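Need coordinates for the following:
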Amino acid sequence: MAWGALVVFSGALTFGLMAAVAVFVGDAPDRQVSDVDDYLARTGQRCLAHVSDVDIEPPSAWRESWEPLTEEDCRPGSWLNQFREEGQNLHQYRAEQPNRVAEARALFVRPLGRIERPEAERLIEPVREFVELFFQRSTVLADGGPMPSEALAPERGDEGQYNADAVLEALVGTCPKGAGACLAMTDRDLYVPDLQYVFGLGHFHKRVGVFSTYRVHKPRRNPATGEREAVRDPEPLRRALKIAVHELGHELSLAHCVHYRHCVMAGTNSMAESDAGRLTLCPLDHGKLKWNLEYDPHRRFLELSSFARRHGLHPEARYWARMANAYPAHANASGAGGH
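A predicted model of the protein is given here:
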């Protein structure tokens, strides 16, 4: 496989790897999970037994909104049940010398190939704006060039699929000089070998990533009835934003979150698991990103809340407004930890 151990499925997808599957989806809701799929049964170990300790003390506003993961979250079919990950605390993140983006450096969102679906085209500008607010860096919309033809597997899926490993490899070296990081956006379906599809990939070191909006308008499964239901606005946008910031988080060397329930940096193993996740960072990943980017949390939360209100993301708008109130209006933008 290109990149050596580009994606490692037998071990932890963690901060030491070159790249990570952002949202990792097969078709878990459609299959029965047998005992052999259970992590404890397969390995004889609890799935969170080796997770690194959280090394920040979040303020009360965070503790009221976030619950630590427990072994109960390692249910059959879940990401945690399938893959052992050790996590990444603030000390480990800083020691890894992660990619950092100086304030003067812009992020780039780059449509890759022709965006053919009108509903996908309508997502481009909201994604660009949200990335700008989420990471507190100027974000430029730029041409990403064509989809690499060598990545196409026309025999896969209904319309052909693109090998995300090959797409990511083709993107390395294409990010403009001086850019903080580049995220390619496509409306074509992506996959990696041995998996039905993925939503995206982000490179831990090369400042490039790719994500797909192909599936964000797909029906969801009602957990009570098992029936598929059409998704309505703003859910497709919410899905796209989750994937985009997850990918860029990997580009800034954030590992998958295995500390708090439903963090946007968590790995997911199905569309249902992805939908259950939040569009928000847990206190630990917020602490890592704040140390990296040295942003003002009060300003960031206010701007995110305003965006969410304008786009009908009302639970997120309320959450970010509460978090803005938890920080002084003119907080020192520098510093570390979850404060």
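
hey, let's count contacts and neighbours off CA atoms from now on
Fine.

Could I get the buried residue list for stretch 140-158?
Neighbour-count burial for stretch 140-158, counted by 16 or more other CA atoms under 10 Å, picks out 140, 141, 144, 147, 148, 151, 152.

ok, and what's touching that stretch?
Around stretch 140-158, the neighbours that count as contacts under CA atoms under 8 Å, 6 or more residues apart in numbering are 106-114, 125, 128, 160-164, 166-167, 170, 184.

For PyMOL, what selects the buried ones among the residues you listed?
Provided next is the PyMOL selection string for whichever of those are buried by 16+ other CA under 10 Å:
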select buried, resi 106+107+108+109+110+111+112+113+128+161+162+163+164+166+167+184
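
which residue ranges form the helices in the stretch 201-339 of the chain?
235-251, 271-276, 283-293, 297-310, 314-325 (DSSP state H, counting those that start in this stretch).

Quick check: which of the ones you listed is buried the most?
Of all the helices of the stretch 201-339 of the chain, helix 235-251 has the most neighbours on average by mean count of other CA atoms under 10 Å, namely a mean of 25.

Need the per-residue pLDDT for the most centrally placed residue in the chain.
By CA atoms, centre = their mean, the chain has its centre lying nearest to residue 246, at 1.7 Å. Looking at residue 246, its pLDDT stands at 97.

Could you report the neighbour count for the closest residue to it other than its chain neighbours?
Excluding its sequence neighbours, the residue lying closest to residue 246 (CA to CA, 6 or more residues apart in numbering) is residue 265, at 5.4 Å. Close neighbours of residue 265, defined as other CA atoms under 10 Å, add up to 29.

which one in the buried residues of stretch 140-158 is the model shakiest on?
Out of the buried residues of stretch 140-158, that is residue 144, at 92.

all strands for this protein, in order.
19-21, 24-25, 107-111, 139-141, 152-153, 161-163, 181-186, 190-191, 197-198, 200-203, 208-212, 220-221, 228-229 (DSSP state E).

Distance to residue 329 added to the ones you listed, as a markdown table?
Below are the strands of the chain laid out as a markdown table (distance: least, CA to CA, whole Å):
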| stretch | distance to residue 329 |
| --- | --- |
| strand 19-21 | 36 |
| strand 24-25 | 38 |
| strand 107-111 | 26 |
| strand 139-141 | 24 |
| strand 152-153 | 50 |
| strand 161-163 | 46 |
| strand 181-186 | 29 |
| strand 190-191 | 42 |
| strand 197-198 | 40 |
| strand 200-203 | 33 |
| strand 208-212 | 34 |
| strand 220-221 | 40 |
| strand 228-229 | 42 |
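
Go through these and find the least confident stretch.
strand 24-25 (a mean of 34).

ok, residues contacting stretch 176-188?
The contact list for stretch 176-188, computed with CA under 8 Å, 6+ apart, reads 100-102, 105-117, 120, 144, 161-162, 175, 207-214, 244, 247-248, 251.

Run through this structure and note the low-pLDDT ranges.
By pLDDT under 70, the low-scoring segments of the chain are 1-45, 330-339.

ok, now with 80
Across the chain, the ranges flagged by pLDDT under 80 are 1-46, 222-224, 226, 269-271, 330-339.

Residue 162 is in contact with residue 197, isn't it?
No - if you go by CA atoms under 8 Å, residue 162 and residue 197 don't touch, sitting 9.4 Å apart.

Overlap in contacts, these two.
By CA under 8 Å, 6+ apart, the residues touching both residue 162 and residue 197 are 189, 190, 191.

Mind giving me the PyMOL command for buried ones among these?
For the buried members of the shared contacts of residue 162 and residue 197, the matching PyMOL selection, counting by 16+ other CA under 10 Å, is:
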select buried, resi 189+190+191
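
Let me have the shared contacts of residue 162 and residue 197 in a markdown table, adding distance to residue 275 as columns.
Shown next, in a markdown table, are these (distance: CA to CA, whole Å):
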| residue | distance to residue 275 |
| --- | --- |
| 189 | 18 |
| 190 | 18 |
| 191 | 19 |
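
from the shared contacts of residue 162 and residue 197, which is closest to residue 49?
residue 191 (30.2 Å; CA to CA).

Turn the helices of the stretch 201-339 of the chain into CSV, columns for distance to residue 68.
Below are the helices of the stretch 201-339 of the chain laid out as CSV (distance: least, CA to CA, whole Å):
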stretch, distance to residue 68
helix 235-251, 19
helix 271-276, 15
helix 283-293, 10
helix 297-310, 22
helix 314-325, 18
